[in-house]
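Novice: Model the following, please.
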Amino acid sequence: MSVRAEVRFTKGADFVVAVADDDHAERVGKSMLDHGFVLHSLFERTDVPRIATMRFLLDHVFVDLLTGACAIEAEVIAESTVLTVFAGRQCPVASVGALLALKALACANRSKPDDAADMQRLLAVATSVDLATAYQLLAVMEKRTVPGWQRIGAIMANAVGFAQADSAT
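Specialist: This is a model prediction of the structure:
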C-alpha cells in the first residue's frame with residue numbers, strides 16, 4: 001500500500017500467496033516457521049473450510065500471508081509489478097487497482113478507519129485503468145462469492161464518489 005500511494009506507517013506487511021488448497025498453504029506456513037517466523041494467529045474463512053490469512057511475527061514485525069482471504073490471489077499476483085520497496089530490495093507489488101479491490105473487501109468485512117483512508121490514498125493516485133482493474137477484480141470476487149461480496153461494489157462506488165467530491169473542492 002505504502003509503495004503505491006502515500007506512505008502510512010504500519011507494523012507489518014501483507015503478502016498475497018496463491019495456493020491451490022490448505023495443504024499448500026500449510027507448507028508455505030511451515031517454511032515461514034523454518035525461517036524463524038512465529039505463527040501469531042490463523043484466520044479461516046467462514047463460508048468455506050479454507051485458511052484465509054496466516055499472521056506471523058518476526059522481530060516485532062507482523063507478516064500476513066493472505067492465502068485464501070479474497071478469492072483473487074492469483075489475479076492480484078498477475079497484476080503485480082516488481083518494484084524497489086526499501087533499501088534497494090525489490091519484490092512484486094500489487095497494482096493500485098488490485099489494492100483498491102482488496103481494500104473494498106476489507107471495508108466490507110471489518111470496521112477499521114485505516115482501510116477507508118487507504119482507499120482514499122489509492123484513489124488519489126489511481127488512473128482510469130486502475131479503476132477498471134479494481135472493478136474487474138470486484139466482479140471476480142462477486143462471482144466467487146467471497147465473504148462481503150454483497151457490499152464491495154457499493155463501498156467502491158462510495159469511495160470513488162467521496163474522492164471525486166473531495167478533489168472538486
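
Novice: How about the helix or strand harbouring Leu122, which residues are buried there?
Specialist: Leu122 belongs to helix 113-125 when assigned by DSSP states H and E. For helix 113-125, a neighbour-count test (16 or more other Cβ atoms under 10 Å) marks 115-116, 118-123 as buried. (Glycine included, C-beta is placed from N, CA and C.)

Novice: what packs against it?
Specialist: In terms of contacts (3 or more Cβ pairs under 8 Å, 6 or more residues apart in numbering; DSSP states H and E), helix 113-125 is packed against helix 96-109, helix 149-168.

Novice: and that helix, what's its mean pLDDT?
Specialist: For helix 113-125, mean pLDDT rounds to 88.

Novice: Check the offset of whatever helix or strand comes next after it from the chain's centre.
Specialist: Remark: after helix 113-125, the chain's next helix or strand is helix 128-143, criterion DSSP H and E. Relative to its parent chain, helix 128-143 has a centroid offset of 13 Å by Cα atoms, centre = their mean, to the nearest Å.

Novice: Stretch 48-67 now?
Specialist: With Cα atoms, centre = their mean, you get 12 Å for stretch 48-67.

Novice: and what of stretch 122-139?
Specialist: 14 Å.

Novice: Could you do stretch 133-153 as well?
Specialist: The chain centroid and the centroid of stretch 133-153 are separated by 13 Å under Cα atoms, centre = their mean.
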